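Visitor: take a look and give me a structure for this.
(one chain, ligands or ions: 2)
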Amino acid sequence: MQVYILGGFLGSGKTSLLMRLATMFSERKAKVAILVNESGEIGVDGATLKAQGYDAMELPSGCICCSLSGTLQTALKNIKNDIDPDVIVIEPTGLALPHKVKELVHFACIEEEKCVIIGVCDIQRFRDLIKKKEEFFTRQMQGSDFILINKSDVAQPGEIEDATEWLKQRFPDKPIIPVSVKEGTNLEKAYELIQ
Ligand SMILES: Nc1nc2c(ncn2[C@@H]2O[C@H](COP(=O)(O)OP(=O)(O)OP(=O)(O)O)[C@@H](O)[C@H]2O)c(=O)[nH]1
Ligand SMILES: [Mg+2]
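Guide: Ligands and ions are numbered 1, 2, ... in the order given. From the prediction side, this is the model:
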């Protein structure tokens, strides 16, 4: 069983990516389960995913990397026992630290073959985010094995290059890939890389 954790700030495109990845895995005959942790008000995501036919499980309000850590571990064990998928894709809230979620996956003893964190970075809000929340954003990306710079379809000239440069300076060893989850740009490349 492989586990993918999608890290990234609020609205960066995690759910959109999750849907795409779920489709890509399913097309390649892998059995996919999805675990979504909504941050609050409305739990739309889990409902949408279930409607699309995926084994989707939604965790209640609260954050799986802190207050709901036990709930996450129970959910993972249940998924393993009841569904036994080839792939689990986890979307924590935009305020979670994905490396903490990864630790919890290990502690849950579900004997995963591998656990990969994909950091999603929103190019539209990149400048604003590093200005106002640089430390948090850096910690979120620090835990990632790969970084996707999302929303390339709406990037201004030079923005992707600037963001790539900024990220490369801090994380020289991490693959950084500009994508548009909306339009599907570079998603095959990203998919191959995360295998
Ligand atoms: N232009 C553009 N918009 C995108 C892209 N990917 C996602 N979006 C939009 O960005 C908004 C947020 O996308 P979500 O997938 O819900 O992001 P999220 O990270 O799951 O958001 P939270 O769960 O609320 O943190 C939506 O309006 C998406 O349609 C993209 O590649 N390009
Ligand atoms: Mg979401």
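Visitor: with ligand 1 as the reference, measure out to the closest residue to ligand 2 within the chain.
Guide: Per CB to the ion, residue 15 is where the chain lies closest to ligand 2, at 3.3 Å. C-beta coordinates here come from the backbone N, C-alpha and C atoms, glycine included. Using CB to the nearest ligand atom, to the nearest Å, residue 15 is found at 3 Å from ligand 1.
Visitor: tell me which helix or strand that residue sits in.
Guide: Assigned by DSSP states H and E, residue 15 belongs to helix 14-27.
Visitor: that helix - what's its average pLDDT?
Guide: The average pLDDT for helix 14-27 rounds to 90.
Visitor: so what touches it?
Guide: 4, 6-8, 32, 34, 36, 45, 48-49, 52, 54, 86-87, 89, 91, 94, 118, 120, 148, 150, 181-182, 184, 187, 191 (CB atoms under 8 Å, 6 or more residues apart in numbering).
Visitor: what's downstream of the helix or strand of the chain with the lowest mean pLDDT, the next helix or strand?
Guide: Ranked by mean pLDDT, DSSP states H and E, the weakest helix or strand in the chain is helix 44-51, scoring a mean of 66. Sequence-wise, the next helix or strand downstream of helix 44-51 (DSSP H and E) is strand 55-59.
Visitor: now that next one against helix 14-27, angle please.
Guide: Per axes from the mean of the first three to the mean of the last three CA atoms, to 10 degrees, the angle that strand 55-59 makes with helix 14-27 is 150 degrees.
Visitor: strand 55-59 and ligand 1 in contact?
Guide: No - legend: contact between strand 55-59 and ligand 1 by CB under 6 Å from any ligand atom is lacking; minimum distance shown is 11.8 Å.
Visitor: now for that strand, which elements pack on it?
Guide: Helices and strands touching strand 55-59, by 3 or more CB pairs under 8 Å, 6 or more residues apart in numbering; DSSP states H and E, are strand 32-37, helix 44-51, helix 69-82.
Visitor: and the helix holding residue 15, what's buried?
Guide: Across helix 14-27, burial judged by 16 or more other CB atoms under 10 Å covers 14-22, 24-26.
Visitor: quick one: stretch 149-164 to chain centroid distance?
Guide: On the basis of CA atoms, centre = their mean, to the nearest Å, stretch 149-164 is displaced by 19 Å from the centre of the chain it belongs to.
Visitor: which bits of this structure sit near ligand 2?
Guide: For the chain, the residues in contact with ligand 2 (CB under 5 Å from the ion) are 14-15.
Visitor: can you give me the helices for the chain?
Guide: 14-27, 44-51, 69-82, 98-107, 126-132, 134-142, 159-170, 187-194 (DSSP state H).
Visitor: wait, which of the ones you listed is closest to residue 59?
Guide: Residue 59 lies closest, by CB to CB, to one member of the helices of the chain: helix 69-82, at 5.8 Å.
Visitor: and the closest residue to residue 112 other than its chain neighbours, how many neighbours?
Guide: Excluding the flanking residues, the one nearest residue 112 by CB to CB, 6 or more residues apart in numbering is residue 3, at 4.8 Å. Residue 3 is flanked by 24 other residues according to other CB atoms under 10 Å.
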